[in-house]
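Asker: Have a look; sequence and predicted model below, questions after that.
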Amino acid sequence: MFIYIKHAEDEQFLVNSNCPINVLLQYVRAKLEVAESELVDLCDEQGVLKLLFLSQQPQENASRLFSPREKCILCTINRESCVTGTSFVCETQVSLF
């Protein structure tokens, strides 16, 4: 099964999601030249995070988390500490890649 990763100005590429989550994220990072030190995730077109970076099983097949031909956007995750714990803020990087 394939999904689309949207980036830049109306650019996108296909990714085979029939692989482990960590392999999918490594491929997208390499393709878009994102540093390994960046915490990244994918979100749908409505901005809902897939929370791949929180996976307890990084070897889980990523295709179970996506719909066929789903369009996703790469996001960087900035952790902010707050009084109640840790919150996650998604910053889409569409225009930067």
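Answerer: Sure thing, it's come through.

Asker: Below-threshold pLDDT in the protein: ranges please.
Answerer: By pLDDT under 70, the low-scoring segments of the chain are 79-97.

Asker: so what's the most centrally placed residue in the chain closest to, chain neighbours aside?
Answerer: By CA atoms, centre = their mean, the chain has its centre lying nearest to Leu42, at 2.2 Å. Of all residues not flanking Leu42 in the chain, Cys72 sits nearest, at 4.1 Å (CB to CB, 6 or more residues apart in numbering). All C-beta spots, glycine's among them, are computed from the backbone N, C-alpha and C.

Asker: quick one, what contacts Glu60?
Answerer: Contact analysis of Glu60 by CB atoms under 8 Å, 6 or more residues apart in numbering lists Pro20, Ile21.

Asker: Ramachandran coordinates for it?
Answerer: phi -60, psi 140 (degrees, to the nearest 10).

Asker: how near is it to Gln12?
Answerer: For Glu60, the distance to Gln12 equals 24 Å [CB to CB, to the nearest Å].

Asker: Was I right to think the residue nearest to the centre of the chain contacts Ile77?
Answerer: No: counting by CB atoms under 8 Å, Leu42 does not reach Ile77; the two are 10.8 Å apart.

Asker: For Pro58, give me its contacts.
Answerer: Per CB under 8 Å, 6+ apart, neighbours of Pro58: Pro20, Ile21, Asn22.
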